[in-house]
Structure formats: C-alpha cells, structure tokens
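**Q** output the structure for:
(one chain, ligands or ions: 3)
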Amino acid sequence: MKLAGILFVLACAIARAGAQGMGHPTPPPPPPGAKSPKCAGRPIPQLEDITAKSGITFSHASSEDKRYIFESMSGGVIVFDYDRDGWPDIYFTNAPTIKMALDGKTAMGALYRNNHDGTFTDVTAKSGLTKPCLAMGGAVGDYDNDGWPDLYITCQGGNILYHNNGDGTFTDVTAKAGVADGRWSAGAAFGDYDGDGFVDLMVANYVDFHLDDLPAFGSSPYCKYRGVDVQCGPRGLKGAGDSLFHNNGDGTFTDVSKSAGVSDPNGYYGLSVIWADFNNTGRPDIFVANDSTPKYLYKNLGNGKFEEIGYESGTAFSKDGAEQASMGIAVGDYNHTGRPSLYVTNFEDENNDLYRNDGDWDFSEQSYESGLAAASLPWVKWGTAFVDLDNDGWLDLITVGGHVYPQTDKMASSSGYRQPKLLSMNQGDGTFCDASTQAGPALMEKRVSRGLAVADLFNDGNMDVVIEDLDGSPMILRNHGIPGRHWVSFELAGVKSNRLALNARVKITAGGVTQTGEVHSGGSYLSQNDLRIHFGLGAATKIDSVEIRWPSGAVDRIASLDVDQFYSVLEGQGIVPAERIRPQPPAHTNQPPQGPPAH
Ligand SMILES: [Ca+2]
Ligand SMILES: [Ca+2]
Ligand SMILES: [Ca+2]
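**A** Ligands and ions are numbered 1, 2, ... in the order given. Okay, here's the model as predicted:
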C-alpha cells in the first residue's frame, strides 16, 4: 500500500473510531449488490455430526447472560497426536464463569484419545493436564525436540506449558520454562524464528482484565450494543501487550518481546496468532489478529528482529480502512501461486477478509471479489481453516459462528446469539461458492461456537472438523468426502530443523497441478490443526514430484509417489517408515526428562 493509501486508511479509522462509542467498531456498509454465489453443478461433501456416538461427553462451562467479556471468549480446541500412534487426539479447553472463579471453582479441560474406530476415550485424569486455569486456547510444539508434542495452554492470569512425557502423561514445566506471561492470553503459536532448531513461542494478549476489578455490565457507552446493556469491551478497556519467548534449548525461555519488536506497546486487543513464511525465505513471519484495532504483520528480518508492516502490506484494515474484530486466522495457498494468503474472521455486519498474497509483501483484499464476503456479513465469526474438504486440489474454507451477547436474542436488528456455520468451496479461479446449506444439517444447526481445528481424524483420506462451543457440547464433523477423489498426507520430522518441522513447506505436483502447504502451530481461533499436511489430488492417480523445504534451509526432493497414502518424511532422508520418525516411549524406570513437577 502506498503512502496516500496509508494516510486515507488512517483518516478513515480515526473518523470511524470517533463517530461511535461502543465495545465494537461500527462497520462500513457492504458494496451495493454484493453477493456470495451458491454452489451449483458440483458435489458437496457431507459433514456428519458424529459427536453423540464418538464417546465425547465434554461440555464447556458457561454463564447464562455473559455479564463479563471473559465469559464470551473461551473455547479453543487442540488436535494433536499426543501419543504418536498416528491417530489425531483432541484436547478441549475450558474456563469457569466469573462467578465460579470468584467462588474458587474450576472448570476442567479434557483430553480424548483416538480409539481408531470412530470413538474417543477421556484420558484427562491420567494425562495430568489438570492444572486449574481460566483457559482460552493453546498451541502445540515440541520445545525440547524429543519427538513428543508438548502443549501450551493460554489462560487469564498465567499460561501453562505441559511437557509431554511420552507415556500418556504430561508435566507442568511452566515455572522452569518461564512462559507463564500472567496477563489475559488468547492466541499462541510456536515457531523457530532464529533457525536454531528450537521452537520459540509467540503469545497474543487481549484485555487488561482482573477478577478484583470487573467492569460493570451496562455501565458505560462501551457496555451497550444497539442501545441494550451488555458486557463491557473490548473498546473502553485497557489492552494488553504481546509476548515472544525465545527458546534457550535447555528447557528455559527468555522474553525477547521488546528487543524483537513484537511487544505491542499500543496494547491492541490480541486474539489469534500464527507463524507463516509469507515471503518464502525459510524464516517464519508472524501475523496477529487484533480485535477492534489494526492487525499486525511482522516481517522476520533474520537478525532476531521483526518489522511491523500491517499498514504497508494492506493487512491491517479492511480495504475501506475499517478496524475489524479479527477473531480467527486461516493461512493457505488457495490460488496455487506458491504464496500463503490470509483469511481473517470478523464481527456481525463485518465481512470476513481474504488477503491475497501477491508477493513482495503486497496483499490485495479480495473479500468481495472472491465471493466470500457477503455470506459472512450477518454472523459473528471465529474459528476457521483453509482445508480441501472435497479433495479436488483446491483449499476450501470452513468457519464457525456465534454471538458474544446473549442479549441479541431480544434485538430485532441482530442475527441472534446462536448462529450457523459457513462452508465456502474453492472454484479454482480465485473465487468461492457458498455451500453452507448443502453439506448436511449439522452446519445449519445454530450454536455458539468458538474454536475450530481440522484433521483426518479417522485416517480415511477425508479431512474432518472439530469444533468447540462456548455454551455446551463440542461438535465432531465427519467428512464423508467425494468418491473417487485422491489425496496424500505427509507427516514431517526435522533433524537439524525443529523436530515437528513447524513452518516446513511442502510443494507437490500431481495431474499437472502444483500445490503448496506449510506446517503451522496456532491459527484458527485459539486452536490447533493436526500437523500433518494433507493435499486433495482430484482425479490424479500418481504424484509426479514432492519438494520439502525445511526450516534449516535443506531441501528434500522426492519423485513419483503413489496416491491415497500417508507418508512419513525425515529431514535429509526423504520418505521413511513411520516408526523412524516416531519417538520411543520412555522406559518406566526413567524419570520424566524435565524432572519432577514444578509445583
Ligand atoms: Ca493418537
Ligand atoms: Ca517434547
Ligand atoms: Ca476443494
């Protein structure tokens, strides 16, 4: 974006901020005649709600009237193969209501082990993932490179790093690691910004919020929505800065937020964060979705410092200069350019943003041009993912909704508290069609959803969807796929690079089509997708070439692979048997590698 554009955007943002005084910005109107075309003439994959028969009985704690902003924001879901048996497992975060917290009551998250037969078993008690926390979400990374994926949980008032001991148990190592933060943390993501092979940790903090100083319901213009009393915020409340923790390689981290230039001195309301290599240098950059304030794009300068280029890149605002609610993030090469583009979810009457990566740090907002924006306007949108649900080789988009104010059910002008989900199918020409009503009844069931993660839960070649709701039960959507379409999946293991190969990039050519994918920690809304990279291949029956660019800079090239397979790739070795990249469980006589619990 050129200087005149930047000034225009700034002027618009300032004018808009001054023109209203509510907890969320007032969005500009959509362009006249804007539409999201319905999908026609193509099969749509059916997404079946199998939660009732999955054995998952988790339910998120919730208050009826959401008198405090904290009570509207939790509900991240983490999908990761914690026991490394090749089947994705699920962790649901949980947070008590404010009244519960004030009364000293807790709300427990839950870890479910995948039984390989469509069902899951609650293994929370044995796992030790039981430290009380006002949890929001989390991220997965292997901070000690032992091959066992570790879990970071974000909370209000102190985050938790759990070391995976490899025997089904986790140990709270927060105190030794020094990554508690202590503020109200929302999104988190691991990424190795300095290329030393150890993953660092970025944490986005939201509002400066204290249980002993609660903003009173309906008490100011920032605590009204369309004239009705609601919870206060985020506008009108003080924001909180962000944290970057450098991994010292010995189980400890150092807070480098300020020296790296990512501490957010403005105190913008951070929600979600992701590391992605936006300019294909091998060094991961950072994108932070800030609620009701400009979004941050941090370019990794390669010397331990980052340059914030949100305005210049065109990703800070909507095209017409609006600050938006910016809850969830998806990153993907949806248009086969080899460059990762950005999708960001927003509030009621704010369209979701598609920022097309045109290279050289220039992003073009294509929200309306792509056909995505109009269908998203009525809803409050959260978790989202670029995922090829019909295996045609083009990344589709799925997004969940649900309002923050239960009071909207009494407002004629609002879309209501419970909301449906959005499914947008990629048409291969830079545009998407709306299939929300065509994928079975589950997407149209109105819920109050927050987190979303994608994974091939049942190892059948179709990507499934896990959704956590703020009020009540989660939803497991089993994807029945499209018969006859082919696919491939890669699980990567770094040697010189970080062990889970975060930010490794895979380029694949099959049937004359080249696609790229990247391993990502964090993203969506407070959630974590499975780390395996899945590609739909359409009618292609052979893969011509695969190129893997590791964070170390090494490149592995593989020629001619069969389709419809899961492959394990070891840095420098190419395709290897799955056992080669899976760690051995510790002997029972061994102490956990990080020593006894910190508390
Ligand atoms: Ca598993
Ligand atoms: Ca580990
Ligand atoms: Ca597709």
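
**Q** could you check how many residues crowd around the residue of the stretch 51-200 of the chain found nearest ligand 3?
**A** Closest approach between the stretch 51-200 of the chain and ligand 3, counting by Cβ to the ion: V79, at 19.8 Å. C-beta: built from backbone N, CA, C; applies to glycine. For V79, the neighbour count with other Cβ atoms under 10 Å is 24.

**Q** quick one: residues contacting it.
**A** 88-91, 453-455, 457, 466, 527-530 (Cβ atoms under 8 Å, 6 or more residues apart in numbering).

**Q** name the nearest of those relative to F245.
**A** Distance to F245 across those (Cβ to Cβ) is lowest for Q528, with 17.4 Å.

**Q** helix, strand, or coil at the residue lying closest to the closest one once chain neighbours are set aside?
**A** Leaving out its chain neighbours, the residue that sits closest to Q528 by Cβ to Cβ, 6 or more residues apart in numbering is I78, at 4.2 Å. Secondary structure assignment for I78 (DSSP: H, G, I helix; E, B strand; the rest coil): strand.

**Q** where does I78 land on pLDDT?
**A** Per-residue pLDDT puts I78 at 98.

**Q** what does M22 give?
**A** So, for M22, pLDDT stands at 73.

**Q** same thing with Y193?
**A** 98.

**Q** now it: which helix or strand?
**A** Here Y193, judged by DSSP states H and E, is contained in no helix and no strand.

**Q** which residues does it contact?
**A** 200, 244, 260, 275, 283-284, 286, 300, 304, 306.

**Q** cutoff 6 Å now
**A** Counting by Cβ atoms under 6 Å, 6 or more residues apart in numbering, Y193 touches 200, 300.

**Q** again, but for the one 10 residues further on
**A** Residues touching V203, when contacts are defined by Cβ under 6 Å, 6+ apart, comprise 181, 185, 188, 243.

**Q** swap in 7 Å and give it another go.
**A** 154, 159, 181, 185, 188, 242-243 (Cβ atoms under 7 Å, 6 or more residues apart in numbering).

**Q** which of the residues you listed sit farthest apart?
**A** N159 and D242 (12.5 Å).

**Q** between these two, which is the more surrounded one?
**A** D242 (29 against 25).

**Q** ok, back up a step: of the contacts of V79, list those near ligand 1.
**A** The residues of the contacts of V79 that also fall near ligand 1, by Cβ under 5 Å from the ion, are D89.

**Q** please, where are all the helices along the stretch 301-450 of the chain?
**A** Under the criterion DSSP state H, counting those that start in this stretch, the stretch 301-450 of the chain contains helices at 310-313, 373-376.

**Q** pick the most buried one from those.
**A** helix 373-376 (a mean of 23; mean count of other Cβ atoms under 10 Å).

**Q** can you tell me what sits against that helix?
**A** So helix 373-376 is contacted by 30, 34-36, 351-352, 367, 422, 434, 436 (Cβ under 7 Å, 6+ apart).

**Q** can you do 8 Å?
**A** Under Cβ under 8 Å, 6+ apart, the answer for helix 373-376 is 30, 34-36, 345-346, 351-352, 354, 367-368, 399, 422, 424, 434, 436.

**Q** contact residues of the stretch 1-150 of the chain facing ligand 1?
**A** 81, 83, 85, 87, 89, 114.

**Q** what does the protein have sitting close to ligand 3?
**A** So far as Cβ under 5 Å from the ion goes, the chain lies against ligand 3 at 388, 390, 392, 394, 396, 426.

**Q** in CSV: these, plus pLDDT, neighbour count and distance to R447.
**A** Putting these into CSV (pLDDT from 0 to 100; neighbours: other Cβ atoms under 10 Å; distance: Cβ to Cβ, whole Å) gives the following:
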residue, pLDDT, neighbour count, distance to R447
D388, 99, 27, 24
D390, 98, 24, 23
D392, 98, 22, 28
W394, 98, 23, 27
D396, 99, 25, 20
N426, 99, 25, 25
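
**Q** between these, which sits nearest ligand 1?
**A** Using Cβ to the ion, the residues of the chain next to ligand 3 come closest to ligand 1 at D388, 22.5 Å.

**Q** which residues of the stretch 201-350 of the chain score low on pLDDT?
**A** Within the stretch 201-350 of the chain, no range satisfies pLDDT under 70.

**Q** show me the helices in this structure, by range?
**A** 3-19, 51-54, 98-102, 124-127, 174-177, 257-260, 310-313, 373-376, 578-581 (DSSP state H).

**Q** what sits against the residue nearest to Q528?
**A** Counting by Cβ under 8 Å, 6+ apart, the residues that I78 touches are 90-91, 93, 137-140, 151, 453, 527-528.

**Q** how about a cut-off of 10 Å?
**A** 89-93, 109, 111, 137-140, 149, 151-153, 451, 453, 466, 468, 526-530 (Cβ atoms under 10 Å, 6 or more residues apart in numbering).

**Q** ok, now W550?
**A** So W550 contacts 282, 492, 494-498, 501, 503-505, 556, 569, 571-572 (Cβ under 10 Å, 6+ apart).

**Q** of all the residues you listed, which comes closest to ligand 2?
**A** So of the contacts of W550, ranked by how close each gets to ligand 2 (Cβ to the ion), first place is N498, at 10.5 Å.

**Q** contact partners for T254?
**A** By Cβ under 10 Å, 6+ apart, the neighbours of T254 are 178-179, 200, 244-248.

**Q** any chance of a ChimeraX selection covering the buried ones in those residues?
**A** To isolate the buried ones among those in ChimeraX, judged by 16 or more other Cβ atoms under 10 Å, type:
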select :178,179,200,244,245,246,247
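
**Q** from the contacts of T254, which land in strands?
**A** Judged by DSSP state E, the contacts of T254 include 200, 244-247 as members of strands.

**Q** and which of the residues you listed is nearest ligand 2?
**A** N247 (11.4 Å).

**Q** hmm, the closest one is touching F190, no?
**A** Yes. At 8.5 Å, N247 and F190 qualify as touching, with contact defined as Cβ atoms under 10 Å.

**Q** which neighbours do these two share?
**A** 141, 143, 198-201, 498.

**Q** quick check: the two most widely separated of these?
**A** L201 and N498 (11.9 Å).

**Q** so which of these two has more stuff around it?
**A** Neighbours were counted for L201 and for N498 using other Cβ under 10 Å; N498 has more, 31 against 26.

**Q** backbone phi and psi for that one, please?
**A** Here is the backbone geometry of N498 (degrees, to the nearest 10): phi -60, psi 140.

**Q** list the residues that contact it.
**A** 141-143, 145, 190-192, 195-200, 247, 504, 519, 521, 550-552, 571.

**Q** how close does it sit to ligand 1?
**A** From N498 over to ligand 1 the distance is 20 Å, taken as Cβ to the ion, to the nearest Å.

**Q** let me know the average pLDDT across stretch 401-415.
**A** pLDDT averaged over stretch 401-415 gives 93.

**Q** what's the answer for stretch 111-118, then?
**A** 98.

**Q** any idea how far apart the tips of it sit?
**A** 16 Å (Cα to Cα, to the nearest Å).

**Q** does D144 really touch D250, like I thought?
**A** Yes. If you go by Cβ under 10 Å, D144 and D250 touch, sitting 8.8 Å apart.

**Q** between the two, who's got more neighbours?
**A** D144 (21 against 10).

**Q** give me the pLDDT for the more buried one.
**A** 98.

**Q** bridging residues for the nearest residue to F278 once chain neighbours are set aside?
**A** Leaving out its chain neighbours, the residue that sits closest to F278 by Cβ to Cβ, 6+ apart is D285, at 4.9 Å. D285 forms beta bridges with A276, as assigned by DSSP bridges.

**Q** same question for the one 4 residues further on.
**A** A289 has the following beta-bridge partners by DSSP bridges: S272.

**Q** I'd like the distance between the residue of the stretch 151-300 of the chain found nearest ligand 2 and S243.
**A** Using Cβ to the ion, the closest approach of the stretch 151-300 of the chain to ligand 2 is made by N164 at 5.1 Å. N164 sits at a distance of 22 Å from S243 (criterion: Cβ to Cβ, to the nearest Å).
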